[in-house]
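1. Mind folding the following:
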Amino acid sequence: MALQGAFSSLRSSSSSIHSWTHDVFLSFRGEDVRQKFISHLHHALNKRGINTFIDDELKRGEEISQALFQTIEGSMISIIVLSKNYAESKWCLNELLKILECMETVKQIVLPVFYDVDPSDVKHQKRSFGEGFAKLKDRFESNEEVLKWKAALEKLANMKESGFIEEIIQWVDSIIVNQTPLSVAKYPVGIESRKRDIYQHLSIERNDIIRIVGIFGIGGIGKTTISKDIYNQIYSQFEGSCFLKNVRENSKQVGGLMKLQEILLFEILGKKLDIYDADRGMNVIKHRLCSKRVLLILDDVDELVQIEKLVGDRNWFGLGSRIIITTRNQRLLDNAKVDSKHEVMILDDSEALQLFSLHAVWKDEPLDEYVELSKQVLQYAKGLPLALVVLGSDLKGKSTHQWKSALDKYKNIPNRNIQEVLSVSYEGLDNNEKEMFLDIAFFFNGEPLADIKKIFDSCGFFPDDGIDRLKDKCLITIENGYVRMHDLLQDMGREIVRLESPNEPGQRSRLFFHEDVRHVLEESMGTNKVAGMIIEMPKGKEVIRLSRKAFKLIATNCKNLVEVHDSVRSLEYLCQLCFFECSNLRILPASLKLKSLRSLDLSDCSSLRSFPEIGCEMKSLTKLILSGTTVEELPLSIWNLTRLNELRLDVCKNLKRLPINIFHRLEHLQSLGIFGDCTNLVKTLGSTTMEDEISSNEEQLQGWVPPTNSSNESSAVQVLNRSNFFPISSLYSMFNSRDTLTQLNLSETEIVSLPTWIRGFVALRELYLCYCVNLEEILELPPNIELVDAMGCWSLARFPEVSRIMEFNGSHIRSLHYICLHGCDKMHQNIWNFRGTERLLWKGHYNATMSSENEIAKRGDDDVQLKGNEEWVINIEGPHFLEHIRGIAIALVTFFKEDLRHDNFDPDVEITGISSNCVCRIDSEERLFLSNELPASSDIIPNEPDYIVHYDQYRVWMWYSDLESFEVKVLDNLRVQLRILSNPRDPLWVRVWSRYSIRWGANVVYKHESRAHKRRKMD
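-> Okay, here's the model as predicted:
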């Protein structure tokens, strides 16, 4: 049965909801029709609960015509049963005129039923139906009234009809359901003010546009309630409407999106269409609705695919259509390209109190004895409507004592109904994002964003993207550089962790409640599942007495922690002790006897002035971090840390003395961070004077003699001023770990020249000299060094190893893989003025050239413009006698002006003997990387000094092969092949190809220079 034409007549231009007195008005004539058809139809409608009116219900003595007209106006639907004698009655025809008038004015729905007559007879007043009309027409002289009747009959005949009672019932059922307003809220407090701006942006009065509006906010904030209220207000102004609720939940079911498409079409068209494929369903929606002015609300969307399958493009719908999307993820609205988006804000205190009171005590304000308790509820709910409604309903009818008990419970265990709603956003996060959310809920709510990012970055959480995700999903807000989380969301996070092990806190990943912390620490119930805890003891309960069998004790950023109890000194199984950024910590146990301790971290404990004695040999301790403390000296008993391999003393501004043989005893030391900003460090050598120490190390001192142009005339390194010296010249002799030290950090020291004895540290792999602003020369390096970071050494001008590298003949230290010279402006100038770079401009066999239209400073005319995943080849003509060749050097230099730190590419080199088909592939471990660029993470160099001048950034790759893999004695020709391989982790890499410029070349290194000269002359 086609009822679309009748259904479309429903819509109204009124912005208010019409109040109907009846669902259906029946218009008919004749007792026979009443007995044979109307009685059955009336009975069936009433059986379905459909309020139906027939004219025999009018009471005697009433003004029948006026009462009847009022009844017609108050009916949602009129069913007109047209029989043979219908047109004989003036009463019936005037009823018809009134019904058609209401169809226009209040958008009443009209359904004609042609009972034993043909629609064409009604339209043209023919046969038996026309005979009855002719009789009536003859009785009236007014032709105007007759013409109105004829027009009405013609219009009615053109409508879609239905003749079967069951079809009529089904049709009426669907119309009534569709016309029934949505249930909004029992007490719609605050809705009107929050929907005002949204309604304004809908621009309902304009029928020449299609507008999409987004509403976002945390769970329970009122997004659905507001969108329902807007729907009820405006749905009658559209040809079709649909409120598609619970999109997130329903789409997750099997065939969920197809089911939602079916609901959407049925709600708007009034006809069920079976959808078996979501992609096909998209086209069905577009085809059926492209000419209709519709209202569509997608409620609780959480994935873009849901919008794509249900809304797609705007051209799916007719002009004048309006689409509203509610979500917890505001980024989703940006991706959907909505015209405007609106965040639903929490209720203010007045609104919150009113909403809570209405649900709790049925009044706008609480009763006197409940006022203070109500304020506690408001403090707990923080303006979240869901919480206010749930808590108000939960506390309804209860005594003040019961209210107090319930509030105490909520502080430890959140209300389950609130928890379920709020946790939806959490469940949509990936694992790293969940960890960040929980850490913020436990430890970082209200902390600076920059600090949180640093911590998360060190955990490998990718905080830039993760923090944005939490913000987009309304789980956190950023206010003036600080991270904020709604109290109920914080409670939800803490409850998630509590449920990890409801009965045993030691099995949870995080702890915050002081009684749980006390239980775990005092009862030795901790496990390796505990990743962190915060210790905030109530006043009067400051002491936690730890068991001798505690595990890890980690207390980061505890501003109230002043003293660590003496019971910690001998915890037999304590393996990690960390008080990172406990800035008020002043007192540690006088002595430590922690035989199982592996790591002790006191970094940034800026109030800690005294370090405890080491009361026994602590063989397990391998890491000691005192960076940023105000410790003045280390005790002689530090020798008892016999297995220490990492020691950090940088930024210890008050450090004055070190034991004379500290490094002799620490023979396993591999990583040392010292001197950086240790402005008061004066080495005390017992009875040995500084001069005696200097004279006894005359050989080592030679490396510390500053350059002739240096203003520092001392043979020791000046740390702060001429009155305080630390004779670092003795550092070499102090070390008994020269064969084990693998990492040395001398960053931010005042050294002018790196001492030549540095070559004696044969195990050293990494050397950090960052921001040694007075450093002028690096004359020697350890023989097995792999990394040198001299970032920010703006005075550095002499670095022979770099000069050897730029000779491109393999004479550099072969283990050296990376040198960072960012901000070393003098070295930057020297490198590109050095004659060795001319090797890259050789013509003929040793050079690959390609012209480039774009010029970049420091580039030559023969630079290659990077064009993608290409390869270049240099053919070196033979013959080449391997007995005369030391090896072959290949160099690649890239220049770039833009910040391309994250757009890395990986060059690959292969050498082939053409005639012999021998292949020599050079591994990435055998290459050297020289860089004048910012590190990949700018966080490595916070507050970069202004004195660094940023030249064009460059990278130099250097490969060297001794050609030992070639088994033949003579090579006819050599083929050097360079490939530029994109970073497979970066799909956008292709966009940066054109922003690089490169030089590259190959150099055959002969054992005797005369042969090399002869060869070049031949070329």
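2. which residue ranges form the strands in the stretch 651-800 of the chain?
-> 671-673, 717-718, 725-726, 743-745, 753-754, 766-768, 777-778, 787-789 (DSSP state E, counting those that start in this stretch).
3. hmm, I was thinking of the stretch 201-350 of the chain
-> 211-216, 240-244, 294-301, 322-327, 340-343.
4. before we move on, what about the stretch 1-150 of the chain?
-> 22-27, 52-53, 75-82, 109-114.
5. Mind listing the strands the first one pairs with, and their directions?
-> Within its sheet, strand 22-27 is paired with strand 52-53 (parallel), strand 75-82 (parallel), according to DSSP bridges.
6. what angle do the longest one and strand 109-114 make?
-> Read it as strand 75-82. 20 degrees (axes from the mean of the first three to the mean of the last three Cα atoms, to 10 degrees).
7. contact partners of strand 75-82?
-> 20-28, 33, 37-38, 41, 53, 72, 96, 99, 102-103, 108-115, 117, 122, 129, 156, 168, 172, 175-176, 179 (Cβ atoms under 8 Å, 6 or more residues apart in numbering). Every residue, glycine included, has its C-beta placed from N, CA and C.
8. Quick one: buried ones out of those?
-> Among these, those that count as buried by neighbour count (16 or more other Cβ atoms under 10 Å) are 20, 22-28, 33, 37-38, 41, 53, 72, 96, 99, 102-103, 108-115, 117, 122, 129, 156, 168, 172, 175-176, 179.
9. Take the strands of the stretch 1-150 of the chain and lay them out in JSON lines including mean pLDDT and distance to Val631.
-> Listed next are these as JSON lines, based on pLDDT from 0 to 100; distance: least, Cβ to Cβ, whole Å:
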{"stretch": "strand 22-27", "mean pLDDT": "88", "distance to Val631": "85"}
{"stretch": "strand 52-53", "mean pLDDT": "88", "distance to Val631": "91"}
{"stretch": "strand 75-82", "mean pLDDT": "88", "distance to Val631": "84"}
{"stretch": "strand 109-114", "mean pLDDT": "86", "distance to Val631": "86"}
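10. can you tell which of those is closest to Val189?
-> Comparing the strands of the stretch 1-150 of the chain against Val189 with Cβ to Cβ, the closest turns out to be strand 75-82 (30.2 Å).
11. how about the strands of the stretch 201-350 of the chain, which one is nearest Ile275?
-> Using Cβ to Cβ, the strands of the stretch 201-350 of the chain put strand 240-244 closest to Ile275, at 13.9 Å.
12. Adjacent strands (with direction) for the closest one?
-> strand 294-301 (parallel).
13. next one: the strand it pairs with to chain centre, how far?
-> 25 Å (Cα atoms, centre = their mean, to the nearest Å).
14. what residue ranges in the stretch 501-650 of the chain score low on pLDDT?
-> 522-528, 535-551, 559-560 (pLDDT under 70).
15. which stretches of it form strands?
-> Using DSSP E, counting those that start in this stretch, strands in the stretch 501-650 of the chain cover 510-511, 532-533, 552-554, 576-578, 591-592, 599-601, 613-614, 623-625, 646-648.
16. Check the ones you listed for me and report the most buried one.
-> strand 510-511 (a mean of 25; mean count of other Cβ atoms under 10 Å).
17. Isn't Leu882 up against Ser961?
-> No - between Leu882 and Ser961 there is no contact under Cβ atoms under 8 Å: 11.9 Å.
18. Between the two, point out the one with more neighbours.
-> Taking other Cβ atoms under 10 Å, Leu882 and Ser961 do not tie; Ser961 has more neighbours (21 against 17).
19. isn't the more buried one right up against Gly887?
-> Yes - at 5.6 Å, Ser961 counts as touching Gly887 under the criterion of Cβ under 8 Å.
20. what residues are shared contacts of those two?
-> With Cβ under 8 Å, 6+ apart as the test, Ser961 and Gly887 reach no residue in common.
21. Low-confidence stretches in the stretch 851-1000 of the chain?
-> Ranges of the stretch 851-1000 of the chain meeting pLDDT under 70: 851-871, 895-906, 915-919, 921-926, 933-953, 964-965, 967, 980-998.
22. same thing but at 50, please
-> Counting by pLDDT under 50, the low-confidence segments of the stretch 851-1000 of the chain come to 851-869, 936-951, 984, 987-993.
23. for the strands of the stretch 501-650 of the chain, which one sits closest to Lys1007?
-> Short answer: strand 646-648, nearest of the strands of the stretch 501-650 of the chain by Cβ to Cβ, at 43.5 Å.
24. Can you spell out which helices and strands pack onto the closest one?
-> The contact analysis (3 or more Cβ pairs under 8 Å, 6 or more residues apart in numbering; DSSP states H and E) places strand 646-648 against strand 623-625, strand 671-673.
25. Give me the contacts around it.
-> Contacts of strand 646-648 (Cβ under 8 Å, 6+ apart): 603, 622-627, 666, 669-674, 743, 745.
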